[in-house]
Each structure stands twice: as structure tokens, then as C-alpha cells.
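1. Provide a 3D model corresponding to the input given below.
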Amino acid sequence: MTTAETTGIPQTSLVPTLATVTGAVRTTQAKLDPLGLVPAAGTVLSRAAGNPVGLVGAATRLATGLALTPVAAAARSLGLPAHPAVEPDPRDRRFSDPTWEGNPAFFALQQLYAVACRYADDVLAAGNRGDDLADQKAHFAARLVTEALAPTNFPLTNPEVLVRGLQTGGLSYLQGLRLALEDLRERGGVPEQVDASGFELGRDLAATEGKVIFRNDLIELIQYAPQTDQVHEVPILCSPPWINKYYVMDLAPTRSFVEWAIQHQRTVFMISYRNPDESMRDLTMDDYLKQGVLAPLDVVTAVTGSEKVDLVGVCLGGALATMAAAHLAARGDERIGSITTMNTLLDYSDPGELGCMVDADTLERLTVRMAETGFLASEDMAMAFNLLRPRDLIFRYVPSRWFKGEQAPAFDILAWNSDATRMPAAMHGTYLRDLYGDNLLAKGEYALGGITLDLSTVTADAYVVGAVNDHIVPWLSSHAATRLLGGQVRYVLSSGGHIAGIVNPPSPKAWYEAIPLGTDTPTDGDLWREAATRHTESWWEDWARWSTERAGALTRPPRMGSRKYRPLGDAPGDYVRG
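-> Coordinates of the predicted model:
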């Protein structure tokens, strides 16, 4: 019998019904498990079930840890020396309170948590198959769960919370409850990271004086006012990422790369991207190239009259600046003087922890999600980055804010980080697929603006910065620029992470590593670091020397704007407020 005869439903009507059900399932999965962590964990656990030796080893270590923990705690209660079942990580600030070591009960609790975390790792290791994506996602999921279940995240098992409650007569609990309800109502249950109420754009953040001299549907172009009587003739065009607002490059007075460059006699221009809405859903990387970099480049050369322009880019903005340089090289356009990139990927073969968020299945779910609105919501983008560092960016605020009733701190970097943007659906989807997914740029197969880009044709001198603790752009991956670019490349490894490696003004704690100038740069990252020398200053200082040598003669500063490009308003402009 046919399906229609069996069900009484015409067979032709089943097709749209099945399509509707399938679409609903995909949409639900895209919302509930956008990273596909549940099926990945199931895959690894099923593998572990087929590895009895590995599971027995994990169970043995678990039993040993559970047996040793009460013995060690009892010994400590008697003042006797006792070795912990799991050595505490001295870098783990969650257990920095002396109570975790001095009180036997809390010591035992911390140890039981460490033993459980180790057991979870051991079970997953029993199901590992090398660098399989499922392995990476399963470990990612396990880390989220174990971080969430840490005893520091519960009021009765956190000694700092208990002490604070006693000191305040319980008022801290009431204040924490109020803040938790506020976060649930206004932030979807995510603890507030920063109190940004005291920061004002143009005063505390993005405060360097300047004028908006050009605007199109995608960007505003800011020209900054000179702070010296003379400037070098080659101007700088800054290419920031559009995943966040531009002012990571102009964070705050004395902590602004823009200010630093201006004070070192450079004329600086800044691209400021508009925060996309649904009407911009069809924008592509071609639009970002033409409207985002090439259009302002034309304005900079027209306003300054300079034959050369230095490009300085951060993260995704650095990648686009490099693509623009390759695009121009293919056209025989020689306007690019030098290129500086900070924490930028050109080879996406090893994107680090982001790898578990950019596989084909995850990108398909992301496409479904973006199709509903025409963009990736800023909250989704922010959460993706928070999940890469859940201990520091999510759970550290649970005890302090929800249980101790403490207000979020006021910190300029976190204020910038919370000022997230949306991403147009078409651009973001193809960018992730073509670069993260297929690594077309490094392969020489990525086409932009009708031209297939060859990074080896970028022969301008390049200053490439990586950060030693960068978890978004691993420094070994950013180092790949030394073999991809065709010019002389100076690679510098900075202290700090993805943001602190950029916002890196001179300070006693700053350092960078580099090969002496004039020395060939090894294209292997590990060999490069063996040959590199550590310097006890900020890379900003090294960059200023390197950049100045390539910036041309000193001359009078150009006027703000021109007859054609008259100032439209004061920096930081309108788009940054969107």
C-alpha cells in the first residue's frame, strides 16, 4: 500500500509537512544548542564506553582521590602534614582565600571538586580520537559544566560569601538577590561584568580630539587633530574590527594607541563602523572592502596629498586591511606604505578555542539563527566570547555580585567590551565559512572585490603583533603572517591577551619579544621564539621607532578635512553610538 493509502493523507502534502517539521527542528536546535555540544558529548561518551581500560583507569583515579581526600582533611584538622589528592593550581583565583587551605572542611570540598573535574577529563580522554572536533566540543561542554558547578558558585560553599554575610548581618544576601533578579530581568541571567555608567564616549572613552570628515552607509571616517607642530608626511589609516566598536584603538587618555601615534608625530585617521540592523542583512565582505577600507583610503589620500598611507589593523580589521593591500597590489595600486596588524589571523588552520564554534554544522545552525533577524545579535556575539573564558567572564561575577551584593567594577576595557555590535548575516556567514571553515585566504583562493587575493603580493613592510595569552587569535597562528606576506615582516610577541596585548601602553609590567632588526625572521613560530629576545618595555615603543623610520619627512600637519571633505561633526561621531 502507498503512504497515502496507509495514512489517508495525500502524499504530496507530506513533503511540505516534513519540510516544516525539519525546519522547526533545525530552528529549535539552533536556539537550544547552537554549538552542537550535546551530540558531540554523546559521541565521545559512546567511544569511551568502548574503551573499558580507559574507564577503569578513570574510575581507579576517582576512587583513589575520594579515599585520599578525607584522610588528608583529617590530618590537617590535627595539624599534621598531608598531601592533597590533586595539587591546587596556584593560578586559580577562585580558591585563593586562605580558608580553602586552612579549614579542613573547605579543603575537602575543594579537593572533591578537583577530583571530580579530573574524573570528567579522564572519562572524556578515554573516548578521545586525537584532534577530532567532537573531542574538542566535548571537553568544551565539560568545562562549562564543571566551571558552573564549582563550590565557589554556591553561597553555602563559598567561605568569602559566608564571611561577608556575617559581617553585614545578612544584608549582602539581600543585595545580591536584588542584583541577581536585575540580571535575570535585564541580561538574561548573565551577571553584569562592568559598571559602564561612569564612562562617556568622547570624554572617558574614545576621547582623542578629532573630526568626522566622511560618512557613507557603512562607516564614518575620523581625522584626529595633531598634537605636535610637525608630522610625518605619511598618514595612518586605522582599520578596527567591526565585531566591537573602534575605540579599542582609542580607549582612554594615556591608554590610547591613537593618542600614542599622534604624539609621535603621525597624522591618524580612524574607520568607525555603523552598527548593522536588519536593512543591512545582505552586506558582504565586498561591501566591507569597498565601503569600509577603499573608500576611506581615497579620502585620506585626497585630504593629505600623500602618495603613501600606512594601514594599522586590529583582529578582523587587520585581516581586512591585509586583504585590501593584496587587492590593491593586484590592481597595481602602490599607495600602501606599511602594514601593522595586531592579533590578526591570516591563516585560519588553527583558530584555537574558536575552532569548536566555526565547524560546518555550527555554521549551518548560525545561518538559521541569523536568517530570522538578518544579523547576529550583539548578545550572541558577546556570549560566544564569554563562553571561551567562562571562569573569568561569567562565573567570577556570580559570588561577588549575586551572593556578596557587590556592584560590578568600573573598568575601561570591560566597558568597551560590553559595547558590542551586530554582524550582517550575509557577511558574517560567508566570512566564517570561507576563512575559518575553508581557510581560503591562506590558500590563495579567496576572492574579494572580483580579485583572487595572493598575500605574497603584499610587499609593503609589515609589523605583526601577537599576544602571548591570546585565546582568540593564538600567537602561533598570527605568526603565520611571516610566511604568507611578501615583504619584510617584523613579528613581535606582546605580553597580555587578546585585548591587553593591544591596549599595551608603557608600564613597568609591559614586555615584548622580538628578533633583532635586520635579522631574518624564522617562519616557524617555535623556532622564532627560541631566537627572540625579551625587552622590558611596551611594543608600542618598538612600533613607534619602526614606524617612524618608514613615515617620511616631517612637515606641517594637514588641515582638518578639505574643501571636498568638510568636517561633519566632532569625534567620536554618530555611528559609534549606535
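2. Number of residues surrounding R534?
-> 10 (other CB atoms under 10 Å). Heads up, the C-betas are built off the backbone N, CA and C, glycines and all.
3. Shouldn't it be within a strand?
-> Yes. Under DSSP: H, G, I helix; E, B strand; the rest coil, R534 falls within a strand.
4. State the distance from the spatially closest residue to it that is not a sequence neighbour to G170.
-> Nearest non-adjacent residue to R534, counting by CB to CB, 6 or more residues apart in numbering: E513, 5.0 Å away. E513 sits 51 Å away from G170, going by CB to CB, to the nearest Å.
5. what about these two, which has more around it?
-> Each of E513 and G170 has its neighbours counted (other CB under 10 Å); E513 has more, 20 against 11.
6. Can you classify that one by secondary structure?
-> Secondary structure, three-state DSSP: E513 is strand.
7. OK, contacts around it?
-> By CB atoms under 8 Å, 6 or more residues apart in numbering, the residues touching E513 are 492-493, 529, 532-535.
8. Can you tell me which of those residues is nearest P81?
-> Comparing the contacts of E513 against P81 with CB to CB places R534 closest, at 38.2 Å.
9. Run through the residues that contact the closest one.
-> Contact analysis of R534 by CB under 8 Å, 6+ apart lists 511-513.
10. quick check, nearest of the residues you listed to H479?
-> When those are ranked by distance to H479 (CB to CB), E513 comes first, at 11.3 Å.
11. Could you give the bridge partners of the closest one?
-> Per DSSP bridges, the residues bridged to E513 are L493, R534.
12. Look up how far G466 lies from it.
-> E513 is 10 Å from G466, by CB to CB.
13. Would you mind grabbing the residues shared as contacts by these two?
-> Each of 492-493 lies in contact with both E513 and G466 under the rule CB under 8 Å, 6+ apart.
14. What's the separation between the residue nearest to R534 and R118?
-> 33 Å.
15. In the chain, where is pLDDT below threshold?
-> Where the chain drops to pLDDT under 70, the residues are 1-31, 131.
16. Can I get the contacts of E513 in TSV including distance to R164?
-> Converted to TSV, the contacts of E513 look like this (distance: CB to CB, whole Å):
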residue	distance to R164
V492	43
L493	40
R529	44
A532	45
T533	47
R534	41
H535	43
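17. Among the residues you listed, find me the one that's closest to L179.
-> Set against L179, the nearest of the contacts of E513 by CB to CB is L493 (39.4 Å).
18. all helices of the stretch 451-578 of the chain, in order?
-> Taking DSSP state H, counting those that start in this stretch to define them, one finds helices in the stretch 451-578 of the chain at 475-478, 481-484, 525-531, 539-548.
19. Can I get those in JSON lines including distance to M285?
-> Putting the helices of the stretch 451-578 of the chain into JSON lines (distance: least, CB to CB, whole Å) gives the following:
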{"stretch": "helix 475-478", "distance to M285": "20"}
{"stretch": "helix 481-484", "distance to M285": "18"}
{"stretch": "helix 525-531", "distance to M285": "27"}
{"stretch": "helix 539-548", "distance to M285": "28"}
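20. Same list as before, those that is, but in TSV and with mean neighbour count and distance to T344 included.
-> Below are these laid out as TSV (neighbours: other CB atoms under 10 Å; distance: least, CB to CB, whole Å):
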stretch	mean neighbour count	distance to T344
helix 475-478	22	6
helix 481-484	22	7
helix 525-531	14	15
helix 539-548	19	14
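21. out of those helices, nearest to E364?
-> For E364, the closest of the helices of the stretch 451-578 of the chain is helix 475-478, at 24.4 Å, according to CB to CB.
22. Give the other helices and strands that the closest one contacts.
-> Under the contact criterion of 3 or more CB pairs under 8 Å, 6 or more residues apart in numbering; DSSP states H and E, helix 475-478 touches strand 461-467, helix 525-531.
23. OK, contacts around the spatially most central residue of the chain?
-> Residue closest to the mean C-alpha point of the chain, counted by CA atoms, centre = their mean, is I472 at 4.7 Å. Contacts were defined as CB under 8 Å, 6+ apart; by that measure I472 touches 315, 343, 352-354, 385, 388, 498.
24. before we move on, what about S306?
-> Applying CB under 8 Å, 6+ apart to S306 gives the contacts 233-235, 300, 552.
25. Adding distance to N51, secondary structure and neighbour count, write the residues you listed out as JSON lines.
-> As requested, these are exported to JSON lines (distance: CB to CB, whole Å; DSSP: H, G, I helix; E, B strand; the rest coil; neighbours: other CB atoms under 10 Å):
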{"residue": "E233", "distance to N51": "66", "secondary structure": "coil", "neighbour count": "19"}
{"residue": "V234", "distance to N51": "61", "secondary structure": "coil", "neighbour count": "21"}
{"residue": "P235", "distance to N51": "61", "secondary structure": "coil", "neighbour count": "24"}
{"residue": "V300", "distance to N51": "60", "secondary structure": "helix", "neighbour count": "23"}
{"residue": "G552", "distance to N51": "64", "secondary structure": "coil", "neighbour count": "17"}
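26. about what we covered before: tell me which of the contacts of R534 is nearest to Y247?
-> Of all these, Y247 sits closest to Y512, with 23.0 Å by CB to CB.
27. Report the spatially closest residue to that closest one, excluding sequence-adjacent ones.
-> With CB to CB, 6+ apart, the residue lying closest to Y512 is W539, at 4.0 Å.
28. Wait, the one you found touches Y491, no?
-> No. If you go by CB atoms under 8 Å, W539 and Y491 don't touch, sitting 10.6 Å apart.
29. would CSV of the helices and strands packed on helix 475-478 with distance to S378 be doable?
-> Compiled in CSV, the helices and strands packed on helix 475-478 are given as follows (distance: least, CB to CB, whole Å):
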stretch, distance to S378
strand 461-467, 24
helix 525-531, 33
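30. Of all the ones you listed, which one is nearest S507?
-> strand 461-467 (15.0 Å).
31. Report all helices and strands that the closest one contacts.
-> Strand 461-467 is packed against strand 336-342, helix 475-478, helix 481-484, strand 489-494, helix 539-548, with contacts defined by 3+ CB pairs under 8 Å, 6+ apart.
32. residues making contact with that strand?
-> With contact meaning CB under 8 Å, 6+ apart, strand 461-467 is reached by 338-344, 473, 475-476, 478-479, 481-482, 485, 487-498, 500-502, 539, 543, 546-547, 550.
33. Generate a ChimeraX selection restricted to the buried entries among the residues you listed.
-> Per 16 or more other CB atoms under 10 Å, the buried members of the contacts of strand 461-467 correspond to this ChimeraX selection:
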select :338,339,340,341,342,343,344,473,475,476,478,479,481,482,485,488,489,490,491,492,493,494,495,496,497,498,501,502,539,543,546,547
